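S.K.: here is my input, please return the structure:
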Amino acid sequence: MDKQELAAFLRSRRERLQPSDVGLVTGSRRRTPGLRREEVAVLAHISTEYYVRLEQGRAPRPSAEVLAGIAESLRLSAVESTHLHTLAGTAPLHHGRVRRDVRPSIVALVERLPQTAAIVLSATFEVLAWNPLAAALMEDFGERLPAERNLARQAFPPGAHPADTVPPYGISDGAEFRQHVVRQLRAVRAQYPEDPSVVGLVEELRADNAEFARLWDRHDVPTTTVLSKTFDHPVVGPVTVDCDSLALVDRGQWLVLYTAPAGSPDADALALLGVLGVEGVRTG
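M.R.: Now for the predicted structure:
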């Protein structure tokens, strides 16, 4: 149970709600936004004292029933409710570390996708494997050190201001991607509480990039990601592709596929990149 993260998450969600959101009358003497702690406690059918201790990080582990009541009173989404249970220790946790070894069958699959740019990402956005078309569309990750293949670090360079941040590979949804990175890392941080590399990456980004720190403090959790994006390629120009992410559940990894409709100009651009690309599937 991560008491401090649980407390911060509860506070962030309580402060976002207005009394009218839960059917309460808005009073005239509210000095701060959001619901009062006693209002959440009443709606969740628990004592105010216990809820206050939860938000202060001093309460013992709540039961699944109590968490369900709190989730309902705070109007949490299904994903937010799962995150709440994970923080409280009532959902399965990964007691090991983030896996970086890619299953051989997935490597073979990536290799057999000549018209698809494919990469495998770790839970912390490290590019673990890629095929020639992905190298041609994005970059040859084999020329970077493993630590430099992390897309989270590329999205949040040290000291960069949001207005000056160039999206990785000129992608069209740079702001949305940065939000996705923070939300995913928030979930991973809760799922792998004992992995020093996860904790270290989050602390590094919080210290080095003000926008990451601001987004992290929102305590948002993963949502549906963009299903298409445009890469601004230096050779063939803009290439719009469909983006599909497939979860590799056994290792906590993601297989990301970039494709374009057959016969489209974007498919022709990908085909040209396939001719110009780097030979052979790569893993790091």
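S.K.: so which elements touch the helix or strand containing Glu203?
M.R.: Per DSSP states H and E, Glu203 falls inside helix 196-208. Helix 196-208 sits against helix 151-155, helix 174-191, helix 210-216, with contacts defined as 3 or more Cβ pairs under 8 Å, 6 or more residues apart in numbering; DSSP states H and E. Using the backbone N, CA and C atoms, a C-beta is placed for each residue, glycine as well.
S.K.: ok, which of these comes nearest Ile119?
M.R.: Nearest to Ile119, of all those, is helix 151-155, at 9.1 Å by Cβ to Cβ.
S.K.: what about that closest one, distance to the chain center?
M.R.: The chain centroid and the centroid of helix 151-155 are separated by 12 Å, computed with Cα atoms, centre = their mean, to the nearest Å.
S.K.: now it - C-alpha only, CSV.
M.R.: C-alpha atoms of helix 151-155 as CSV (Å, rounded to 0.1, in the frame of the first residue of the first chain):
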residue,chain,number,x,y,z
LEU,A,151,10.5,7.9,-25.6
ALA,A,152,9.5,9.5,-22.3
ARG,A,153,12.9,11.1,-22.0
GLN,A,154,12.5,12.3,-25.6
ALA,A,155,9.1,13.8,-24.9
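S.K.: hang on, isn't Tyr169 packed against Glu139?
M.R.: Yes - counting by Cβ atoms under 8 Å, Tyr169 does reach Glu139; the two are 7.2 Å apart.
S.K.: which among the helices and strands packed on helix 196-208 is found nearest to Thr90?
M.R.: That would be helix 174-191 among the helices and strands packed on helix 196-208, by Cβ to Cβ, at 11.9 Å.
S.K.: name the helices or strands packed onto that closest one?
M.R.: Using 3+ Cβ pairs under 8 Å, 6+ apart as the test, helix 174-191 ends up in contact with helix 78-88, helix 151-155, helix 196-208, helix 210-216.
S.K.: make CSV out of these and add mean neighbour count.
M.R.: Formatted as CSV, the helices and strands packed on helix 174-191 follow (neighbours: other Cβ atoms under 10 Å):
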stretch, mean neighbour count
helix 78-88, 20
helix 151-155, 22
helix 196-208, 15
helix 210-216, 17
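S.K.: and those as a markdown table, adding mean pLDDT and distance to Pro132?
M.R.: Shown next, in a markdown table, are these (pLDDT from 0 to 100; distance: least, Cβ to Cβ, whole Å):
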| stretch | mean pLDDT | distance to Pro132 |
| --- | --- | --- |
| helix 78-88 | 84 | 35 |
| helix 151-155 | 93 | 19 |
| helix 196-208 | 93 | 28 |
| helix 210-216 | 93 | 32 |
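S.K.: what's the closest of the ones you listed to Ser245?
M.R.: helix 151-155 (12.3 Å).
S.K.: picking that back up, what's the helix holding Glu203 in contact with?
M.R.: Contacts to helix 196-208, defined as Cβ atoms under 8 Å, 6 or more residues apart in numbering, come from residues 97-98, 123-124, 150, 152-153, 156-159, 185, 188-189, 192, 212-213, 216.
S.K.: tell me who's in contact with Thr230.
M.R.: Thr230 touches 171-172, 238-241, counting by Cβ under 8 Å, 6+ apart.
S.K.: right, I mislabeled it, should have said Ile46
M.R.: By Cβ under 8 Å, 6+ apart, the neighbours of Ile46 are 66, 69-70.
S.K.: scan those and report the most crowded one.
M.R.: Ile70 (25 neighbours; other Cβ atoms under 10 Å).
S.K.: in helices, which of the contacts of Ile46 fall?
M.R.: Counting by DSSP state H, the members of the contacts of Ile46 that fall within helices are 66, 69-70.
S.K.: now render those as a markdown table, adding distance to Ser228 and pLDDT.
M.R.: Output for those, formatted as a markdown table (distance: Cβ to Cβ, whole Å; pLDDT from 0 to 100):
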| residue | distance to Ser228 | pLDDT |
| --- | --- | --- |
| Val66 | 41 | 85 |
| Gly69 | 39 | 85 |
| Ile70 | 37 | 86 |
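S.K.: for Pro114, which non-adjacent residue is closest in space?
M.R.: Excluding the flanking residues, the one nearest Pro114 by Cβ to Cβ, 6 or more residues apart in numbering is Gly274, at 6.5 Å.
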